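A.B. asks: fold the following for me, if possible:
(one chain, ligands or ions: 1)
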Amino acid sequence: MSELVLVSPADCLDLRSRILRPGQPLKACNYPGDADPRCLNAAVRLEDDGPLVAIGTLHHDPRDTDDASSEVWRIRGMAVEESCRRQGLGAQVLKTLQAVAEARGGGVWANVRTPAREFYAAHGFVAQGEEYELPGIGPHVLMTWRPAP
Ligand SMILES: CC(C)(COP(=O)(O)OP(=O)(O)OC[C@H]1O[C@@H](n2cnc3c(N)ncnc32)[C@H](O)[C@@H]1OP(=O)(O)O)[C@@H](O)C(=O)NCCC(=O)NCCS
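C.D. replies: Predicted coordinates for the structure are as follows:
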């Protein structure tokens, strides 16, 4: 079984740290939007009270663009335990975050790690512009998604 649960940012720190920021201080795994009441963290666990094996976070984070309302929500911190990948767990989390963003109105953007690009593309995200390097993390590409009209 897999169960989708809503959790706190603190609950996400272990996976964020081990998968997304290995070797960096735990405080690097706190995001500026975590304290915002609109922050939503979706997660999956495989057994009652078991550890989280997939996580993802939705923040209210309008981009500094001409049309500031166009991409209001940001997805970050998507991570799946290595032994649990390619089983649809990341998709469960991402679809939940997309559904919440759609219900709240507005589009979604994410700074996507290049190896995860196909994962986001499989869920309707479109790359914008060229890849770029985030120091200490690696190559990324900006990707956006809007609900169907
Ligand atoms: C990216 C990540 C979250 C995907 O989670 P996942 O649970 O493995 O993904 P899913 O099983 O839900 O995959 C759904 C679909 O996405 C695509 N996909 C997922 N991982 C992929 C990969 N490595 N390469 C190509 N396509 C991929 C496929 O279309 C897949 O469907 P399929 O398995 O039927 O082919 C996971 O690989 C991960 O934690 N990676 C390390 C951390 C990371 O890079 N996070 C993203 C930060 S932007």
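
A.B. asks: pLDDT at the closest residue to Pro147 other than its chain neighbours, what is it?
C.D. replies: Of all residues beyond its chain neighbours, the one nearest Pro147 is Glu102 (4.2 Å), with distances taken as C-beta to C-beta, 6 or more residues apart in numbering. C-beta: built from backbone N, CA, C; applies to glycine. Note for Glu102: predicted pLDDT of 95.

A.B. asks: secondary structure class for Glu102?
C.D. replies: Three-state assignment for Glu102 (DSSP: H, G, I helix; E, B strand; the rest coil): helix.

A.B. asks: contact partners for the residue in the chain that the ligand sits nearest to?
C.D. replies: Closest approach between the chain and the ligand, counting by C-beta to the nearest ligand atom: Gly90, at 2.4 Å. The contact partners of Gly90, by C-beta atoms under 8 Å, 6 or more residues apart in numbering, come to Ala54, Gly56, Met78, Val80, Phe119.

A.B. asks: if we go to 10 Å?
C.D. replies: Gly90 makes contacts with 44, 53-56, 78-80, 84, 116, 119-120, 122-123, as judged by C-beta atoms under 10 Å, 6 or more residues apart in numbering.

A.B. asks: got a ChimeraX select line for the buried ones in the residues you listed?
C.D. replies: A single ChimeraX command selects the buried members of those (16 or more other C-beta atoms under 10 Å):
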select :44,53,54,55,56,78,79,80,116,119,120,123
